[in-house]
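**Q** Here you go, sequence then predicted model.
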Number of protein chains: 2
Amino acid sequence: MPDRNIKITLQYDGSRYDGWQKQGNTDKTIQGKLEQILEKMAGQPVEVHGSGRTDAGVHAWGQVANFHLPASCAGMSAEELKAYLNRYLPDDIAVLSAQEAGTRFHSRLNAVSKTYCYRIETAAKKNVFERRYVYGLGEPLDIAAMRRAAAYLTGEHDFKAFCSLKRMKKSTVRNLTAIEIAMRESVCELHFRGNGFLYNMVRILTGTLIEVGLHKRTPESVAETLFSCDRALAGFTAPPEGLFLERVEYE
Amino acid sequence: MPDRNIKITLQYDGSRYDGWQKQGNTDKTIQGKLEQILEKMAGQPVEVHGSGRTDAGVHAWGQVANFHLPASCAGMSAEELKAYLNRYLPDDIAVLSAQEAGTRFHSRLNAVSKTYCYRIETAAKKNVFERRYVYGLGEPLDIAAMRRAAAYLTGEHDFKAFCSLKRMKKSTVRNLTAIEIAMRESVCELHFRGNGFLYNMVRILTGTLIEVGLHKRTPESVAETLFSCDRALAGFTAPPEGLFLERVEYE
(Lines give C-alpha, C1' and ligand atoms only; values in the text may rest on other atoms or scores of the structure.)
Protein backbone atom coordinates (compact mmCIF):
# COMPACT_ATOMS: atom_id res chain seq x y z
CA MET A 1 0.00 0.00 0.00
CA PRO A 2 1.73 3.22 -1.10
CA ASP A 3 1.91 6.24 1.16
CA ARG A 4 -0.91 8.69 0.40
CA ASN A 5 -0.05 12.36 0.19
CA ILE A 6 -3.03 14.74 0.22
CA LYS A 7 -2.92 18.26 -1.21
CA ILE A 8 -5.56 20.67 0.07
CA THR A 9 -6.49 24.21 -0.90
CA LEU A 10 -7.74 26.35 1.96
CA GLN A 11 -9.61 29.59 2.52
CA TYR A 12 -9.48 31.35 5.87
CA ASP A 13 -10.40 34.54 7.65
CA GLY A 14 -7.23 35.21 9.65
CA SER A 15 -8.84 37.84 11.93
CA ARG A 16 -8.89 35.77 15.10
CA TYR A 17 -5.75 33.68 14.49
CA ASP A 18 -2.09 34.06 15.42
CA GLY A 19 -1.23 33.16 11.84
CA TRP A 20 -0.64 29.93 9.95
CA GLN A 21 2.18 28.36 11.90
CA LYS A 22 1.43 26.42 15.07
CA GLN A 23 2.87 27.74 18.29
CA GLY A 24 2.41 26.81 21.93
CA ASN A 25 -1.31 27.46 21.79
CA THR A 26 -2.36 25.42 18.75
CA ASP A 27 -5.94 26.56 19.14
CA LYS A 28 -5.11 29.92 17.61
CA THR A 29 -3.26 28.94 14.43
CA ILE A 30 -4.59 27.54 11.16
CA GLN A 31 -2.01 24.76 11.03
CA GLY A 32 -2.81 23.84 14.66
CA LYS A 33 -6.56 23.66 13.95
CA LEU A 34 -5.99 21.33 10.99
CA GLU A 35 -3.56 19.08 12.87
CA GLN A 36 -5.92 18.80 15.85
CA ILE A 37 -8.74 17.53 13.63
CA LEU A 38 -6.50 15.19 11.62
CA GLU A 39 -5.00 13.72 14.79
CA LYS A 40 -8.45 12.95 16.15
CA MET A 41 -9.44 11.41 12.82
CA ALA A 42 -6.27 9.34 12.34
CA GLY A 43 -5.64 8.43 15.97
CA GLN A 44 -2.05 9.64 15.67
CA PRO A 45 -0.31 12.97 14.97
CA VAL A 46 -0.41 14.18 11.34
CA GLU A 47 1.93 16.97 10.29
CA VAL A 48 0.48 19.55 7.91
CA HIS A 49 2.93 21.39 5.61
CA GLY A 50 1.80 24.80 4.38
CA SER A 51 3.07 26.57 1.26
CA GLY A 52 4.25 29.30 3.60
CA ARG A 53 3.33 31.06 6.79
CA THR A 54 0.78 33.81 6.91
CA ASP A 55 1.10 36.33 9.74
CA ALA A 56 -1.44 36.96 12.48
CA GLY A 57 -4.56 38.55 11.01
CA VAL A 58 -3.67 37.75 7.38
CA HIS A 59 -6.31 35.94 5.28
CA ALA A 60 -6.14 33.33 2.52
CA TRP A 61 -8.26 32.73 -0.57
CA GLY A 62 -6.03 29.89 -1.75
CA GLN A 63 -3.47 28.63 0.75
CA VAL A 64 -2.11 25.20 -0.21
CA ALA A 65 -0.99 22.53 2.25
CA ASN A 66 -0.22 18.82 2.18
CA PHE A 67 -0.03 15.96 4.65
CA HIS A 68 0.72 12.24 4.59
CA LEU A 69 -2.21 10.09 5.55
CA PRO A 70 -1.63 7.26 8.05
CA ALA A 71 -2.75 3.75 7.15
CA SER A 72 -5.65 4.10 9.61
CA CYS A 73 -7.36 6.39 7.06
CA ALA A 74 -6.71 4.21 4.01
CA GLY A 75 -10.42 3.79 3.33
CA MET A 76 -11.17 7.51 3.05
CA SER A 77 -11.34 9.19 -0.33
CA ALA A 78 -10.01 12.72 -0.83
CA GLU A 79 -13.61 13.97 -1.08
CA GLU A 80 -14.52 12.29 2.21
CA LEU A 81 -11.46 13.87 3.81
CA LYS A 82 -12.54 17.30 2.59
CA ALA A 83 -16.06 16.77 3.98
CA TYR A 84 -14.65 15.53 7.31
CA LEU A 85 -12.34 18.51 7.70
CA ASN A 86 -15.05 21.01 6.76
CA ARG A 87 -17.44 19.45 9.26
CA TYR A 88 -15.00 19.92 12.16
CA LEU A 89 -13.21 23.12 11.12
CA PRO A 90 -14.62 26.37 12.52
CA ASP A 91 -16.62 28.55 10.12
CA ASP A 92 -13.64 30.84 9.44
CA ILE A 93 -11.55 28.05 7.84
CA ALA A 94 -12.74 26.04 4.83
CA VAL A 95 -11.18 23.36 2.64
CA LEU A 96 -11.95 24.27 -0.98
CA SER A 97 -10.47 21.13 -2.50
CA ALA A 98 -8.59 17.97 -1.54
CA GLN A 99 -6.79 15.68 -3.96
CA GLU A 100 -4.20 12.92 -4.07
CA ALA A 101 -0.70 14.24 -4.80
CA GLY A 102 2.49 12.43 -5.73
CA THR A 103 4.36 11.01 -2.74
CA ARG A 104 7.14 13.56 -3.12
CA PHE A 105 4.87 16.61 -3.44
CA HIS A 106 5.60 19.29 -0.83
CA SER A 107 3.40 22.40 -0.79
CA ARG A 108 6.26 24.74 0.13
CA LEU A 109 9.24 23.22 -1.66
CA ASN A 110 7.41 22.64 -4.95
CA ALA A 111 5.67 26.03 -5.16
CA VAL A 112 6.91 27.95 -8.19
CA SER A 113 5.03 31.18 -7.57
CA LYS A 114 2.71 32.84 -5.12
CA THR A 115 0.30 35.70 -5.49
CA TYR A 116 -0.73 37.97 -2.64
CA CYS A 117 -3.45 40.58 -2.82
CA TYR A 118 -3.55 43.69 -0.66
CA ARG A 119 -6.86 45.60 -0.45
CA ILE A 120 -7.09 49.29 0.50
CA GLU A 121 -10.33 51.21 1.08
CA THR A 122 -9.89 54.75 -0.25
CA ALA A 123 -13.39 55.93 0.74
CA ALA A 124 -13.92 57.58 4.13
CA LYS A 125 -15.80 54.58 5.47
CA LYS A 126 -15.31 50.89 4.71
CA ASN A 127 -18.08 48.84 3.15
CA VAL A 128 -19.59 47.32 6.31
CA PHE A 129 -19.63 43.79 4.84
CA GLU A 130 -15.90 43.94 4.03
CA ARG A 131 -14.74 45.79 7.10
CA ARG A 132 -12.52 42.96 8.33
CA TYR A 133 -11.03 42.32 4.88
CA VAL A 134 -9.66 45.67 3.82
CA TYR A 135 -7.28 48.31 5.18
CA GLY A 136 -9.16 51.52 5.87
CA LEU A 137 -6.95 54.24 4.43
CA GLY A 138 -9.83 56.61 3.73
CA GLU A 139 -7.94 58.78 1.24
CA PRO A 140 -7.72 58.78 -2.56
CA LEU A 141 -4.62 57.26 -4.17
CA ASP A 142 -2.72 58.31 -7.30
CA ILE A 143 -2.78 54.95 -9.08
CA ALA A 144 -0.62 56.14 -11.99
CA ALA A 145 2.19 57.17 -9.60
CA MET A 146 1.88 53.83 -7.76
CA ARG A 147 2.19 51.96 -11.06
CA ARG A 148 5.35 53.93 -11.96
CA ALA A 149 6.85 52.99 -8.58
CA ALA A 150 5.76 49.36 -8.99
CA ALA A 151 7.62 49.17 -12.31
CA TYR A 152 10.91 49.80 -10.46
CA LEU A 153 10.15 46.94 -8.08
CA THR A 154 9.20 44.33 -10.66
CA GLY A 155 11.92 41.83 -11.59
CA GLU A 156 14.74 40.07 -9.76
CA HIS A 157 16.16 42.27 -7.00
CA ASP A 158 17.59 42.17 -3.51
CA PHE A 159 14.50 43.11 -1.45
CA LYS A 160 16.40 43.52 1.85
CA ALA A 161 14.97 47.04 2.26
CA PHE A 162 11.47 45.55 2.29
CA CYS A 163 12.04 42.92 4.97
CA SER A 164 11.31 43.21 8.70
CA LEU A 165 13.89 40.68 9.88
CA LYS A 166 17.13 42.49 10.61
CA ARG A 167 19.49 39.57 10.38
CA MET A 168 18.81 37.46 7.32
CA LYS A 169 21.48 34.82 6.85
CA LYS A 170 19.90 33.56 3.65
CA SER A 171 19.64 35.43 0.37
CA THR A 172 17.17 38.31 0.22
CA VAL A 173 17.05 38.20 -3.58
CA ARG A 174 13.61 37.42 -4.96
CA ASN A 175 11.94 37.60 -8.36
CA LEU A 176 8.81 39.74 -8.23
CA THR A 177 7.31 38.80 -11.59
CA ALA A 178 4.32 41.16 -11.52
CA ILE A 179 2.64 43.89 -9.52
CA GLU A 180 -0.85 44.72 -10.75
CA ILE A 181 -2.73 47.67 -9.30
CA ALA A 182 -6.41 48.23 -9.99
CA MET A 183 -9.39 50.07 -8.50
CA ARG A 184 -12.54 48.07 -7.82
CA GLU A 185 -15.07 50.77 -6.99
CA SER A 186 -13.41 52.59 -4.07
CA VAL A 187 -11.07 49.72 -3.16
CA CYS A 188 -7.50 49.71 -4.50
CA GLU A 189 -6.26 46.15 -5.01
CA LEU A 190 -2.56 45.36 -5.35
CA HIS A 191 -1.61 41.90 -6.64
CA PHE A 192 2.00 40.81 -6.07
CA ARG A 193 3.23 37.70 -7.88
CA GLY A 194 6.67 36.27 -7.24
CA ASN A 195 8.80 33.21 -6.67
CA GLY A 196 9.06 33.92 -2.95
CA PHE A 197 8.52 36.66 -0.40
CA LEU A 198 10.55 37.83 2.61
CA TYR A 199 9.08 38.40 6.06
CA ASN A 200 6.53 41.25 5.86
CA MET A 201 7.69 42.02 2.31
CA VAL A 202 4.22 42.45 0.79
CA ARG A 203 3.05 44.66 3.64
CA ILE A 204 6.16 46.90 3.46
CA LEU A 205 5.94 47.11 -0.34
CA THR A 206 2.28 48.07 0.06
CA GLY A 207 3.02 50.69 2.74
CA THR A 208 5.70 52.20 0.49
CA LEU A 209 3.38 52.23 -2.56
CA ILE A 210 0.62 53.84 -0.46
CA GLU A 211 3.05 56.65 0.45
CA VAL A 212 3.67 57.15 -3.29
CA GLY A 213 -0.08 57.13 -3.94
CA LEU A 214 -0.55 59.83 -1.29
CA HIS A 215 2.32 61.92 -2.82
CA LYS A 216 4.34 61.59 0.36
CA ARG A 217 7.22 60.26 -1.74
CA THR A 218 8.09 60.01 -5.42
CA PRO A 219 8.06 56.84 -7.53
CA GLU A 220 11.81 57.36 -8.04
CA SER A 221 12.44 57.29 -4.28
CA VAL A 222 11.19 53.69 -4.31
CA ALA A 223 13.96 52.72 -6.75
CA GLU A 224 16.49 54.41 -4.43
CA THR A 225 15.08 52.50 -1.45
CA LEU A 226 15.35 49.22 -3.34
CA PHE A 227 19.02 49.81 -4.23
CA SER A 228 19.87 51.04 -0.70
CA CYS A 229 18.88 47.72 0.92
CA ASP A 230 17.97 49.90 3.92
CA ARG A 231 14.69 49.11 5.68
CA ALA A 232 14.67 52.60 7.22
CA LEU A 233 14.14 54.15 3.77
CA ALA A 234 11.07 52.02 2.95
CA GLY A 235 7.50 52.87 3.95
CA PHE A 236 5.34 51.67 6.82
CA THR A 237 4.21 48.09 7.26
CA ALA A 238 0.58 48.02 6.07
CA PRO A 239 -1.70 46.27 8.60
CA PRO A 240 -2.55 42.55 8.21
CA GLU A 241 -6.33 42.82 7.70
CA GLY A 242 -5.93 43.95 4.05
CA LEU A 243 -3.66 41.06 3.05
CA PHE A 244 -4.73 37.82 1.33
CA LEU A 245 -2.65 34.86 0.14
CA GLU A 246 -4.44 34.63 -3.19
CA ARG A 247 -2.90 31.70 -5.06
CA VAL A 248 0.01 29.27 -5.00
CA GLU A 249 1.20 27.79 -8.27
CA TYR A 250 3.00 24.52 -8.96
CA GLU A 251 4.71 23.10 -12.06
CA MET B 1 -35.56 79.62 7.19
CA PRO B 2 -37.31 76.56 5.74
CA ASP B 3 -37.29 73.24 7.54
CA ARG B 4 -34.56 70.94 6.17
CA ASN B 5 -35.45 67.33 5.53
CA ILE B 6 -32.49 64.98 4.98
CA LYS B 7 -32.76 61.69 3.10
CA ILE B 8 -30.04 59.15 3.80
CA THR B 9 -29.21 55.76 2.27
CA LEU B 10 -27.71 53.26 4.69
CA GLN B 11 -25.83 50.00 4.63
CA TYR B 12 -25.67 47.79 7.71
CA ASP B 13 -24.61 44.41 8.96
CA GLY B 14 -27.59 43.45 11.13
CA SER B 15 -25.81 40.55 12.88
CA ARG B 16 -25.45 42.16 16.29
CA TYR B 17 -28.62 44.29 16.25
CA ASP B 18 -32.17 43.78 17.45
CA GLY B 19 -33.36 45.14 14.09
CA TRP B 20 -34.08 48.60 12.72
CA GLN B 21 -36.73 49.88 15.11
CA LYS B 22 -35.70 51.38 18.44
CA GLN B 23 -36.86 49.63 21.56
CA GLY B 24 -36.07 50.09 25.22
CA ASN B 25 -32.37 49.49 24.67
CA THR B 26 -31.58 51.91 21.83
CA ASP B 27 -27.98 50.74 21.77
CA LYS B 28 -28.93 47.61 19.90
CA THR B 29 -31.08 48.99 17.05
CA ILE B 30 -30.03 50.82 13.90
CA GLN B 31 -32.60 53.60 14.37
CA GLY B 32 -31.47 54.01 17.99
CA LYS B 33 -27.80 54.32 16.99
CA LEU B 34 -28.63 57.01 14.43
CA GLU B 35 -30.86 58.98 16.81
CA GLN B 36 -28.22 58.86 19.57
CA ILE B 37 -25.62 60.45 17.30
CA LEU B 38 -28.02 63.01 15.83
CA GLU B 39 -29.23 64.04 19.30
CA LYS B 40 -25.64 64.63 20.42
CA MET B 41 -24.96 66.63 17.25
CA ALA B 42 -28.14 68.73 17.37
CA GLY B 43 -28.43 69.16 21.11
CA GLN B 44 -32.04 67.93 20.98
CA PRO B 45 -33.87 64.74 20.00
CA VAL B 46 -34.11 64.02 16.26
CA GLU B 47 -36.55 61.39 15.05
CA VAL B 48 -35.33 59.17 12.22
CA HIS B 49 -37.99 57.64 9.93
CA GLY B 50 -37.00 54.43 8.14
CA SER B 51 -38.58 53.09 4.95
CA GLY B 52 -39.54 50.06 7.00
CA ARG B 53 -38.36 47.87 9.83
CA THR B 54 -35.81 45.15 9.33
CA ASP B 55 -35.89 42.27 11.84
CA ALA B 56 -33.12 41.29 14.23
CA GLY B 57 -30.16 39.95 12.28
CA VAL B 58 -31.36 41.21 8.87
CA HIS B 59 -28.91 43.31 6.81
CA ALA B 60 -29.31 46.26 4.45
CA TRP B 61 -27.49 47.29 1.30
CA GLY B 62 -29.79 50.25 0.71
CA GLN B 63 -32.11 51.13 3.57
CA VAL B 64 -33.52 54.67 3.22
CA ALA B 65 -34.39 56.97 6.10
CA ASN B 66 -35.14 60.65 6.61
CA PHE B 67 -35.09 63.16 9.45
CA HIS B 68 -35.83 66.84 9.97
CA LEU B 69 -32.80 68.88 10.93
CA PRO B 70 -33.14 71.36 13.83
CA ALA B 71 -32.08 74.96 13.33
CA SER B 72 -28.96 74.29 15.43
CA CYS B 73 -27.52 72.38 12.46
CA ALA B 74 -28.42 74.94 9.79
CA GLY B 75 -24.79 75.45 8.85
CA MET B 76 -24.10 71.81 7.98
CA SER B 77 -24.23 70.61 4.40
CA ALA B 78 -25.63 67.16 3.57
CA GLU B 79 -22.06 65.99 2.81
CA GLU B 80 -20.86 67.20 6.21
CA LEU B 81 -23.76 65.39 7.85
CA LYS B 82 -22.83 62.17 6.08
CA ALA B 83 -19.19 62.53 7.20
CA TYR B 84 -20.28 63.31 10.78
CA LEU B 85 -22.57 60.28 10.98
CA ASN B 86 -19.96 57.96 9.47
CA ARG B 87 -17.36 59.18 11.94
CA TYR B 88 -19.53 58.32 14.96
CA LEU B 89 -21.44 55.28 13.66
CA PRO B 90 -19.91 51.87 14.48
CA ASP B 91 -18.14 50.06 11.64
CA ASP B 92 -21.19 47.85 10.94
CA ILE B 93 -23.40 50.80 9.93
CA ALA B 94 -22.49 53.20 7.10
CA VAL B 95 -24.23 56.16 5.46
CA LEU B 96 -23.78 55.74 1.69
CA SER B 97 -25.38 59.05 0.75
CA ALA B 98 -27.14 62.04 2.30
CA GLN B 99 -29.13 64.64 0.39
CA GLU B 100 -31.72 67.36 0.88
CA ALA B 101 -35.28 66.14 0.31
CA GLY B 102 -38.54 68.04 -0.08
CA THR B 103 -40.12 69.03 3.25
CA ARG B 104 -42.94 66.55 2.77
CA PHE B 105 -40.72 63.59 1.82
CA HIS B 106 -41.24 60.56 4.11
CA SER B 107 -39.06 57.49 3.53
CA ARG B 108 -41.83 55.03 4.37
CA LEU B 109 -44.96 56.77 3.10
CA ASN B 110 -43.42 57.79 -0.24
CA ALA B 111 -41.75 54.47 -1.05
CA VAL B 112 -43.28 52.96 -4.20
CA SER B 113 -41.36 49.70 -4.20
CA LYS B 114 -38.83 47.73 -2.21
CA THR B 115 -36.47 44.95 -3.20
CA TYR B 116 -35.22 42.32 -0.77
CA CYS B 117 -32.53 39.78 -1.55
CA TYR B 118 -32.25 36.41 0.17
CA ARG B 119 -28.93 34.53 -0.18
CA ILE B 120 -28.65 30.73 0.23
CA GLU B 121 -25.38 28.76 0.25
CA THR B 122 -25.96 25.43 -1.49
CA ALA B 123 -22.39 24.14 -1.01
CA ALA B 124 -21.59 22.05 2.08
CA LYS B 125 -19.54 24.87 3.65
CA LYS B 126 -20.09 28.63 3.44
CA ASN B 127 -17.46 30.89 1.92
CA VAL B 128 -15.65 31.98 5.10
CA PHE B 129 -15.74 35.67 4.11
CA GLU B 130 -19.52 35.60 3.64
CA ARG B 131 -20.41 33.34 6.53
CA ARG B 132 -22.49 35.99 8.32
CA TYR B 133 -24.28 37.06 5.14
CA VAL B 134 -25.78 33.89 3.76
CA TYR B 135 -28.03 31.08 4.97
CA GLY B 136 -26.10 27.81 5.05
CA LEU B 137 -28.47 25.31 3.47
CA GLY B 138 -25.67 23.05 2.19
CA GLU B 139 -27.81 21.23 -0.38
CA PRO B 140 -28.37 21.74 -4.11
CA LEU B 141 -31.60 23.43 -5.21
CA ASP B 142 -33.77 22.80 -8.26
CA ILE B 143 -33.85 26.37 -9.58
CA ALA B 144 -36.29 25.56 -12.41
CA ALA B 145 -38.86 24.22 -9.93
CA MET B 146 -38.37 27.26 -7.70
CA ARG B 147 -38.98 29.56 -10.68
CA ARG B 148 -42.21 27.72 -11.52
CA ALA B 149 -43.39 28.19 -7.93
CA ALA B 150 -42.31 31.85 -7.95
CA ALA B 151 -44.47 32.47 -11.03
CA TYR B 152 -47.59 31.59 -8.99
CA LEU B 153 -46.59 34.11 -6.33
CA THR B 154 -45.88 37.04 -8.62
CA GLY B 155 -48.66 39.61 -8.95
CA GLU B 156 -51.28 41.11 -6.64
CA HIS B 157 -52.45 38.54 -4.10
CA ASP B 158 -53.55 38.17 -0.50
CA PHE B 159 -50.32 36.98 1.12
CA LYS B 160 -51.89 36.13 4.48
CA ALA B 161 -50.45 32.58 4.30
CA PHE B 162 -46.96 34.09 4.19
CA CYS B 163 -47.25 36.34 7.24
CA SER B 164 -46.20 35.56 10.82
CA LEU B 165 -48.65 37.87 12.55
CA LYS B 166 -51.82 35.97 13.33
CA ARG B 167 -54.16 38.89 13.71
CA MET B 168 -53.77 41.39 10.91
CA LYS B 169 -56.44 44.04 11.04
CA LYS B 170 -55.15 45.74 7.92
CA SER B 171 -55.20 44.32 4.41
CA THR B 172 -52.78 41.50 3.66
CA VAL B 173 -53.01 42.12 -0.09
CA ARG B 174 -49.68 43.10 -1.67
CA ASN B 175 -48.36 43.39 -5.20
CA LEU B 176 -45.24 41.27 -5.66
CA THR B 177 -44.05 42.65 -8.98
CA ALA B 178 -41.07 40.33 -9.50
CA ILE B 179 -39.23 37.35 -8.04
CA GLU B 180 -35.86 36.72 -9.69
CA ILE B 181 -33.88 33.61 -8.83
CA ALA B 182 -30.27 33.18 -9.92
CA MET B 183 -27.20 31.17 -8.96
CA ARG B 184 -23.98 33.09 -8.31
CA GLU B 185 -21.40 30.32 -8.08
CA SER B 186 -22.80 28.10 -5.29
CA VAL B 187 -25.02 30.82 -3.80
CA CYS B 188 -28.69 30.99 -4.79
CA GLU B 189 -29.97 34.58 -4.71
CA LEU B 190 -33.67 35.39 -4.60
CA HIS B 191 -34.72 38.97 -5.32
CA PHE B 192 -38.25 39.97 -4.28
CA ARG B 193 -39.64 43.27 -5.54
CA GLY B 194 -42.98 44.58 -4.40
CA ASN B 195 -45.04 47.53 -3.24
CA GLY B 196 -44.94 46.33 0.36
CA PHE B 197 -44.20 43.27 2.47
CA LEU B 198 -45.96 41.71 5.46
CA TYR B 199 -44.19 40.69 8.66
CA ASN B 200 -41.66 37.89 7.84
CA MET B 201 -43.17 37.61 4.34
CA VAL B 202 -39.85 37.41 2.47
CA ARG B 203 -38.44 34.84 4.88
CA ILE B 204 -41.57 32.63 4.70
CA LEU B 205 -41.71 32.92 0.89
CA THR B 206 -38.02 31.94 0.82
CA GLY B 207 -38.52 28.99 3.18
CA THR B 208 -41.40 27.78 1.00
CA LEU B 209 -39.38 28.16 -2.22
CA ILE B 210 -36.45 26.30 -0.61
CA GLU B 211 -38.81 23.39 0.12
CA VAL B 212 -39.78 23.40 -3.56
CA GLY B 213 -36.08 23.51 -4.55
CA LEU B 214 -35.41 20.47 -2.35
CA HIS B 215 -38.42 18.63 -3.87
CA LYS B 216 -40.13 18.50 -0.50
CA ARG B 217 -43.18 20.06 -2.12
CA THR B 218 -44.39 20.81 -5.64
CA PRO B 219 -44.54 24.23 -7.32
CA GLU B 220 -48.31 23.76 -7.54
CA SER B 221 -48.60 23.34 -3.76
CA VAL B 222 -47.33 26.91 -3.43
CA ALA B 223 -50.31 28.17 -5.44
CA GLU B 224 -52.63 26.18 -3.16
CA THR B 225 -50.95 27.66 -0.10
CA LEU B 226 -51.36 31.18 -1.49
CA PHE B 227 -55.10 30.70 -2.12
CA SER B 228 -55.64 29.00 1.28
CA CYS B 229 -54.48 32.09 3.23
CA ASP B 230 -53.32 29.54 5.83
CA ARG B 231 -49.87 30.10 7.36
CA ALA B 232 -49.74 26.44 8.40
CA LEU B 233 -49.54 25.36 4.75
CA ALA B 234 -46.55 27.60 3.95
CA GLY B 235 -42.91 26.64 4.49
CA PHE B 236 -40.47 27.44 7.29
CA THR B 237 -39.29 30.97 8.09
CA ALA B 238 -35.79 31.19 6.60
CA PRO B 239 -33.28 32.61 9.12
CA PRO B 240 -32.43 36.34 9.16
CA GLU B 241 -28.72 36.18 8.27
CA GLY B 242 -29.44 35.53 4.57
CA LEU B 243 -31.79 38.52 4.16
CA PHE B 244 -30.87 41.97 2.80
CA LEU B 245 -33.01 45.04 2.22
CA GLU B 246 -31.55 45.74 -1.20
CA ARG B 247 -33.23 48.88 -2.51
CA VAL B 248 -36.12 51.26 -1.85
CA GLU B 249 -37.59 53.16 -4.77
CA TYR B 250 -39.45 56.50 -4.85
CA GLU B 251 -41.38 58.30 -7.56
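**A** That came through, no problem.

**Q** Tell me where the model's unsure across chain A.
**A** Low-confidence segments of chain A, defined by pLDDT under 70, are located at A:1-2, A:25-26, A:168.

**Q** Run through who's touching stretch A:132-152.
**A** Among residues not part of stretch A:132-152, those counted as contacts by Cβ atoms under 8 Å, 6 or more residues apart in numbering or on different chains are A:13, A:15, A:59, A:118-127, A:179, A:181-183, A:187-188, A:190, A:208-210, A:212-215, A:218-220, A:222-223, A:226, A:238-239, A:241-242, A:244, B:129. Any C-beta I mention is one placed from the backbone N, CA and C, and that applies to glycine too.

**Q** so how far is it from its chain's centroid?
**A** Centroid separation between stretch A:132-152 and its chain, computed with Cα atoms, centre = their mean, to the nearest Å, is 19 Å.

**Q** Could you check it and say which residues are buried?
**A** Residues of stretch A:132-152 classed as buried by neighbour count (16 or more other Cβ atoms under 10 Å in any protein chain shown): A:132-137, A:141, A:143, A:145-150, A:152.

**Q** mind listing which of those residues are in strands?
**A** When those are checked against strands (DSSP state E), the matches are A:Tyr135, A:Gly136.

**Q** which among the buried residues of stretch A:132-152 gets closest to B:Ala94?
**A** For the buried residues of stretch A:132-152, the minimum distance to B:Ala94 (Cβ to Cβ) is 11.4 Å, reached by A:Gly136.

**Q** what about the closest one, distance to B:Tyr133?
**A** Between A:Gly136 and B:Tyr133 the computed distance is 19 Å (Cβ to Cβ, to the nearest Å).

**Q** before we move on, back to that, which of the contacts of stretch A:132-152 are buried? Put it as a ChimeraX command.
**A** A single ChimeraX command selects the buried members of these (16+ other Cβ under 10 Å):
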select /A:13,59,118,119,120,121,122,123,124,125,126,127,179,181,187,188,190,208,209,210,212,213,214,219,222,223,226,238,241,242,244 /B:129
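
**Q** can you map out the strands along chain A?
**A** Listed in chain order (using DSSP E), the strands of chain A are A:4-12, A:49-50, A:59-69, A:93-101, A:111-121, A:135-136, A:155-158, A:173-184, A:187-194, A:243-250.

**Q** Would you enumerate the residues in contact with whichever residue of the stretch 101-250 of chain A sits closest to chain B?
**A** In the stretch 101-250 of chain A, the residue that lies nearest chain B is A:Lys125 (4.4 Å; Cβ to the nearest Cβ). Under the criterion of Cβ under 8 Å, 6+ apart, the contact partners of A:Lys125 comprise A:Gly136, A:Gly138, B:Asn86, B:Asp91, B:Ala94, B:Val95.

**Q** Try it again at 10 Å.
**A** When contacts are counted by Cβ atoms under 10 Å, 6 or more residues apart in numbering or on different chains, A:Lys125 is found next to A:131, A:136, A:138, A:186, B:11, B:82-83, B:85-87, B:89, B:91, B:93-96.

**Q** what's the answer for A:Leu226, then?
**A** Listed by Cβ under 10 Å, 6+ apart, the contact partners of A:Leu226 are A:149, A:152-153, A:155, A:157-162, A:205, A:208, A:233-234.

**Q** try 6 Å
**A** Under the criterion of Cβ atoms under 6 Å, 6 or more residues apart in numbering or on different chains, the contact list for A:Leu226 reads A:His157.

**Q** for A:Glu121, same thing?
**A** Contacts were defined as Cβ under 6 Å, 6+ apart; by that measure A:Glu121 touches A:Val134, A:Gly136, A:Val187.

**Q** so what's the second one bridging to?
**A** Read it as A:Gly136. A:Glu121 (DSSP bridges).

**Q** What parts of chain A come near chain B?
**A** Counting by Cβ under 6 Å from any Cβ of the partner chain, the residues of chain A close to chain B are A:Gln11, A:Tyr12, A:Asp13, A:Asn86, A:Asp91, A:Asp92, A:Ala94, A:Ala124, A:Lys125, A:Val128, A:Arg131.

**Q** quick one on the thing from earlier: need phi/psi at the residue of the stretch 101-250 of chain A closest to chain B.
**A** Here is the backbone geometry of A:Lys125 (degrees, to the nearest 10): phi -130, psi 140.

**Q** Okay, it and B:Gln11: tell me how far apart.
**A** Where B:Gln11 is concerned, A:Lys125 sits at a distance of 9 Å (Cβ to Cβ).

**Q** Please identify every residue contacting each of these two.
**A** With Cβ under 6 Å, 6+ apart, A:Lys125 and B:Gln11 have common neighbours B:Ala94.
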